[in-house]
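>>> Predicted model follows, preceded by the sequence.
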Amino acid sequence: MNREAAERIYRQWHDFARTNQVSNLLNMYAEDAILESPLVPAILNRDSGTLRGHDEIGKFLREGTKRRPNPLVRWYRTGRYFYQDYTLIWEYPRETPDGDQVDILELMELADEKIKQHRIYWGWFGCKLISEALASKG
């Protein structure tokens, strides 16, 4: 996959997620994609943070959009990302020009211009916000 396709995914994923375009966002994922996030058990009442395929990922994306707006999801990015081979990475840093936000690192493995695997890593600030919900799953 080329850098232009990776940059398109970087740009469009952010735009579709920020504007609650769930169907467009879901179409960016391969049919058999895997998504992993600590937010999965917190909002879907599951023990696992791993989702497989469009049905599970779509349910998560739809539920996530129902819980916004959220003042700690500011959608601030620096504009910098890393791409090499099939790996795309960027950060939503805790510190923003408008105050703190949920601190997240997005890591995607890409194939055929689709997201094949998506892992979402939360920083200390975001983990504090969902720690109670996650503790109840333990």
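Structure received.
>>> buried residues in the lowest-mean-pLDDT helix or strand in the chain?
The helix or strand of the chain with the poorest confidence is helix 124-135; it has a mean of 83 (mean pLDDT, DSSP states H and E). Neighbour counts over helix 124-135 (16 or more other CB atoms under 10 Å) mark Phe125, Gly126, Ile130 as buried. Every C-beta, even on glycine, is put in place using the N, C-alpha and C of the backbone.
>>> mind listing what's buried in the longest helix along the chain?
In the chain, assigned by DSSP state H, the helix with the most residues is helix 3-18. If you call a residue buried by 16+ other CB under 10 Å, then helix 3-18 has these buried ones: Ala6, Ile9, Tyr10, Trp13, His14, Phe16, Ala17.
>>> Now do the strands in this protein.
29-36, 50-52, 82-84, 87-92, 95-96, 99-100, 104-111, 114-122 (DSSP state E).
>>> which one of those strands lies closest to Tyr76?
For Tyr76, the closest of those is strand 95-96, at 3.9 Å, according to CB to CB.
>>> Tell me which residues are up against the closest one.
Strand 95-96 is contacted from outside by Arg74, Tyr76, using CB atoms under 8 Å, 6 or more residues apart in numbering.
>>> Phi first, then psi, for the residue nearest to Trp13 when sequence neighbours are not counted.
Leaving aside its chain neighbours, Trp13 sits nearest to Met28 (6.0 Å; criterion: CB to CB, 6 or more residues apart in numbering). Here is the backbone geometry of Met28 (degrees, to the nearest 10): phi -80, psi -20.
>>> tell me the contacts of Met28?
Applying CB under 8 Å, 6+ apart, the residues near Met28 are Ile9, Gln12, Trp13, Phe16, Lys114, Ile115.
>>> Kindly report the same for Thr87.
Going by CB under 8 Å, 6+ apart, Thr87 touches Leu107, Met108, Glu109, Leu110.
>>> which ones are touching the second one?
In this case it means Met108. Met108 neighbours (CB under 8 Å, 6+ apart): Ile9, Trp13, Thr87, Leu88, Ile89, Ile115, Lys116, Gln117, His118, Arg119.
>>> so which of the residues you listed comes closest to Gln21?
Trp13 (10.3 Å).
>>> which residues touch the closest one?
Leu25, Met28, Glu106, Met108, Ile115.
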